[in-house]
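Enquirer: I would like to see how this sequence folds:
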Amino acid sequence: MLLNQKQSDVNISLLLLALLCNTMPLLYKHAAAYDQNPAADVSNTAKATLYLSRACSIVILLAYFTYLAFQLWTHNDIFEAQEEEVEDNLDTSKDESPVIGLWGGIIWLTGMTAVIALLSEYLVDTIEAASTSWGMPLSFISIILLPIVGNASEHAGAIIFAFKNKLDITLGVALGSATQIAAFVVPLSVIFAWIINIDMDLDFSLLETGSLSLGILVTAFTLRVILSLNIVFRYTA
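Expert: Down below sits the predicted model:
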């Protein structure tokens, strides 16, 4: 099954936009600290960083909603499986039947969401104590360990779909989750904090921003290589 190049390009473009908007507050803070004179008020830099983060969050959310409209209404044919791929998978599709119905899936999704929300509350309350007792840095637990454990089901699902030669679904699971967090959850959290009068910005530390940048750039480069090889194999077969 061939990868949908346009779908991957849209997701990577949105991730790069989110990366740019997440990097701007950090760059502004360091630039202001470098150019700041001793008499300047440090709180002005914090306020400017906060306003810049809110503006960037609005831009990311607008881009994300535009992406949803692009995917669901205006250009939904781009995200549909290609005809030749459907013909190749007709035999395997006949053997697959849904395990649960629509309402069953909604009920299970709602229940699991409630359970995960409850567990997340306990996790937030105990993560600092776990960092101290385990002797691990808090940044390592929150950036490396927690995402691996929290997204274990998505990783397993992506691998299973890849083994079944459904690479478009694998791409949707892998990139869709990252796009949703970077372009929807994070900026929405900033806007929601603004509504309830909490000063939350996109000024992540250098480690978090560097990890995000490295992950997105490596993913974009890897996908470009895979798509190039896919095109070569397609025309040489």
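
Enquirer: buried stuff in the longest helix anywhere in the chain?
Expert: Counting residues, the longest helix found in the chain (DSSP state H) is helix 102-134. With burial defined by 16 or more other CB atoms under 10 Å, the residues of helix 102-134 counted as buried are residue 131. Bear in mind the C-beta positions are built from the backbone N, C-alpha and C, glycine included.

Enquirer: swap in stretch 174-194?
Expert: Neighbour counts using 16+ other CB under 10 Å place 174-175, 178-179, 182-184, 186-187, 190, 193-194 of stretch 174-194 among the buried residues.

Enquirer: right, and out of those, which lies closest to residue 71?
Expert: Lowest distance from residue 71 to these (CB to CB) belongs to residue 179, with 10.5 Å.

Enquirer: tell me the mean pLDDT over the helix or strand where that closest one lies?
Expert: Assigned by DSSP states H and E, residue 179 falls within helix 167-180. This predicted structure assigns helix 167-180 an average pLDDT of 79.

Enquirer: Other residues contacting whichever helix or strand comes after it?
Expert: Remark: after helix 167-180, the chain's next helix or strand is helix 186-195, criterion DSSP H and E. By CB atoms under 8 Å, 6 or more residues apart in numbering, the surrounding residues in contact with helix 186-195 are 18, 21-22, 53-54, 56-58, 60-61, 64, 199-202.

Enquirer: Report the angle between helix 186-195 and helix 167-180.
Expert: 30 degrees (axes from the mean of the first three to the mean of the last three CA atoms, to 10 degrees).

Enquirer: Find the residue at the geometric middle of the chain.
Expert: Nearest residue to the geometric centre of the chain (CA atoms, centre = their mean): residue 178, 1.8 Å.

Enquirer: residues touching that one, list them.
Expert: For residue 178, the contact set (CB under 8 Å, 6+ apart) comprises 11, 15, 216, 219.

Enquirer: From residue 25, how far out is the second one?
Expert: Residue 15 sits 18 Å away from residue 25, taking CB to CB, to the nearest Å as the criterion.

Enquirer: which element is residue 60 on?
Expert: Of the helices and strands defined by DSSP H and E, residue 60 is found in helix 42-69.

Enquirer: Give the buried residues for that helix.
Expert: By neighbour count, and taking 16+ other CB under 10 Å as the criterion, the buried residues in helix 42-69 are 45, 49-50, 52-54, 56-57, 59-61, 63-64, 67.

Enquirer: So, low pLDDT: which residues of this protein?
Expert: Judged by pLDDT under 70, the chain has its weakly predicted residues at 1-5, 35-42, 78-98, 150, 230-237.

Enquirer: Go again with 90.
Expert: For the chain, the stretches flagged by pLDDT under 90 are 1-15, 18, 21-50, 66-106, 108-183, 185-186, 198-237.

Enquirer: end-to-end on stretch 30-44?
Expert: 13 Å (CA to CA, to the nearest Å).

Enquirer: Next up, the contacts around residue 64.
Expert: Contact partners of residue 64, counting by CB under 8 Å, 6+ apart, are 14, 179, 183-184, 187.

Enquirer: go with 7 Å
Expert: Under the criterion of CB atoms under 7 Å, 6 or more residues apart in numbering, the neighbours of residue 64 are 14, 183-184.

Enquirer: just to revisit the earlier point, compile the buried residues of stretch 174-194 into a markdown table and extend it with columns for distance to residue 226.
Expert: Shown next, in a markdown table, are these (distance: CB to CB, whole Å):
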| residue | distance to residue 226 |
| --- | --- |
| 174 | 12 |
| 175 | 12 |
| 178 | 16 |
| 179 | 18 |
| 182 | 21 |
| 183 | 22 |
| 184 | 25 |
| 186 | 27 |
| 187 | 29 |
| 190 | 33 |
| 193 | 38 |
| 194 | 39 |
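
Enquirer: Tell me the one of those residues nearest residue 156?
Expert: Each of those was checked against residue 156 using CB to CB; the closest is residue 174, at 11.8 Å.
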